[in-house]
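S.K.: Quick one: sequence plus predicted model below, questions after.
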Amino acid sequence: MLRRHARAACTALVAAGMVLAGLQAGSATAAQPSPGTAPGAQSAARALGAAEASPELLAAMGRDLGLTRAEAERRLVNEAEAGAAAARLRDRIGGSFAGAWVEGAESGSLTVATTRAADLDAIRAAGATARLVRHDLASLERAKAALDRAADADAPVRYVDVRANALVVEEVRAGAGARLAAATGVPRELVRVERSAEAPRPLYDLRGGDAYYMGGGGRCSVGFPVTRGTTQGFATAGHCGRAGQTTSGYNQVAQGSFQASVFPGNDMAWVAANSSWTATPYVKGAGGANVQVTGSVLQPVGASVCRSGSTTGWHCGTIQQHNTSVTYPEGTISGVTRTTVCAEPGDSGGSYISGSQAQGVTSGGSGNCSSGGTTYFQPLNPILSNYGLTLKTTGTDPGPGPGEPEPGGTWKAGTVYAAGATVTYGGSTYRCLQGHQAQTGWEPPNVPALWQRV
């Protein structure tokens with residue numbers, strides 16, 4: 001746990017030379033959305049704001065990932081398009097899907113794994129590299145869930161490594177991984193045990209990354225500003241405080257109080273602010289500059305991600321695994337994402353963002369920002385869904401003009417949709433491809449990166 005201390009410019013669309021041109025041509029291109037979508041449907045990169053990253057975010061990616069500004073711009077665009085392509089392929093191949101990831105300095109290569117040889121041609125036709133493996137993702141995740149129920153601090157980290165098609169158990173005591181697999185009946189062939197010195201702890205410690213202070217002591221970082229009806233507030237980590245605990249802002253002025261909190265199990269909470277505070281659609285970037293937030297689409301394994309926190313500021317890395325389970329001294333949390341971004345005490349609760357897409361809030365990790373380390377974030381969408389919160393974002397679509405009726409249906413702005421959810425809109429049915437919180441302008445016909453008409 002990292003608990004301690006609360007606080008855009010746009011770049012031009014990277015339109016040409018896309019490394020994923022083959023991938024785009026095989027599915028839904030940036031310029032030519034999938035058949036059946038609206039004429040004005042947006043490419044994934046444009047819909048997710050990937051081509052409008054702030055100079056501060058691009059500079060941090062350059063520092064931490066060794067990229068030029070142009071490479072960072074291309075990487076964000078490629079990651080948005082790859083995430084959409086992977087989601088469409090997962091929807092198409094169903095239960096044989098075994099994971100997807102991006103690779104390369106500019107994330108120019110998308111690999112999709114399957115357990116069924118008959119899927120390989122479809123994957124290649126979409127412009128991705130096809131990988132035939134033994135175990136589907138659902139089976140590995142079921143096995144991980146069995147391990148999670150019995151794990152202790154001797155095997156503190158469990159995750160599915162989609163690149164290796166294996167369920168990884170990190171042990172700090174020799175034999176702990178094997179004992180855990182034997183105790184749960186998980187086939188040993190599914191499990192790869194790695195010895196680790198990592199000892200994750202929550203990162204103890206209204207703009208994402210700003211400090212806030214808890215009544216009774218301690219400092220954490222604001223995750224993402226949100227609203228609930230007319231109430232302003234922010235999402236943060238559950239280990240930072242309990243319901244009813246008061247907070248003060250980065251300036252030590254009375255700020256609000258925790259409304260709900262879960263830890264362990266998950267690591268999520270939200271704070272309602274008083275009338276002196278207003279939620280903004282920004283995260284604190286390098287040098288205190290504002291980095292805009294345009295949505296909450298979770299990015300794929302291998303994608304770049306940057307973190308803002310009140311102790312160490314602005315740092316970047318990559319997403320390693322989703323749906324990781326970590327056992328802290330206080331108990332196990334599940335469903336977090338493992339990253340290479342560094343963090344230190346006081347950064348807890350702070351913002352993880354990929355391009356302009358909110359990813360989650362800092363939970364815990366190991367190491368520091370001098371020697372490096374591993375950190376975990378609680379994904380944001382479950383927080384929004386569990387507490388009925390609306391992410392504060394920049395830019396809104398005005399909706400239908402005069403005389404243009406709403407198409408109707410079950411789709412609703414503000415709802416958090418998981419991959420696989422179905423809605424109706426304008427007389428058609430759509431299936432969600434990538435989990436996100438819906439917002440005006442992201443109606444299903446307009447964003448083929450997020451919705452597939454069925």
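M.R.: Perfect, thanks for sending it.

S.K.: CA atoms for contacts and neighbours, from now on please.
M.R.: Will do.

S.K.: And for Gly414, the neighbour number?
M.R.: 17 (other CA atoms under 10 Å).

S.K.: Not counting sequence-adjacent ones, nearest residue to it?
M.R.: Nearest in space to Gly414, with sequence neighbours left out and distances taken as CA to CA, 6 or more residues apart in numbering, is Ala438 at 5.2 Å.

S.K.: cool, and Glu198?
M.R.: Ser366 (5.9 Å).

S.K.: Which strand residues bridge that neighbour?
M.R.: With DSSP bridges as the criterion, Ser366 is bridged to Thr374.

S.K.: gap between it and Thr340?
M.R.: Ser366 is 10 Å from Thr340, where distance means CA to CA, to the nearest Å.

S.K.: next one: Ala84
M.R.: Going from Ala84 to Thr340 by CA to CA gives 23 Å.

S.K.: Kindly report the same for Trp101.
M.R.: Trp101 sits 15 Å away from Thr340, going by CA to CA.

S.K.: out of those two, which sits in the more crowded spot?
M.R.: Under the criterion of other CA under 10 Å, the comparison of Trp101 against Thr340 puts Trp101 first, with 25 against 20.

S.K.: so which strand or helix has that one?
M.R.: Element membership for Trp101, per DSSP states H and E: strand 97-103.

S.K.: and that strand, which residues are buried?
M.R.: Residues 97-102 are the ones in strand 97-103 that count as buried (16 or more other CA atoms under 10 Å).

S.K.: Among those residues, which one sits closest to Ala143?
M.R.: Set against Ala143, the nearest of the buried residues of strand 97-103 by CA to CA is Ala98 (13.9 Å).

S.K.: Can you name the residues that contact the closest one?
M.R.: 112-115, 133, 135-138, 162, 165 (CA atoms under 8 Å, 6 or more residues apart in numbering).

S.K.: how about the helices in this structure?
M.R.: 21-26, 44-47, 55-65, 69-93, 120-125, 137-150, 176-184, 380-387 (DSSP state H).

S.K.: Just the buried positions in the fourth one, please.
M.R.: Buried residues in helix 69-93, counted by 16+ other CA under 10 Å: 69, 71-91, 93.

S.K.: thinking again about what came up before, between Ser366 and Thr340, what contacts are shared?
M.R.: Residues touching both Ser366 and Thr340 (CA under 8 Å, 6+ apart) are 373-375.

S.K.: quick revisit: so of the buried residues of strand 97-103, which two are at opposite extremes in space?
M.R.: Maximum pairwise distance among these (CA to CA): 15.6 Å, between Phe97 and Val102.

S.K.: residues in contact with Val191?
M.R.: Going by CA under 8 Å, 6+ apart, Val191 touches 166-169, 181.

S.K.: Name whatever forms a beta bridge with it.
M.R.: Leu167.
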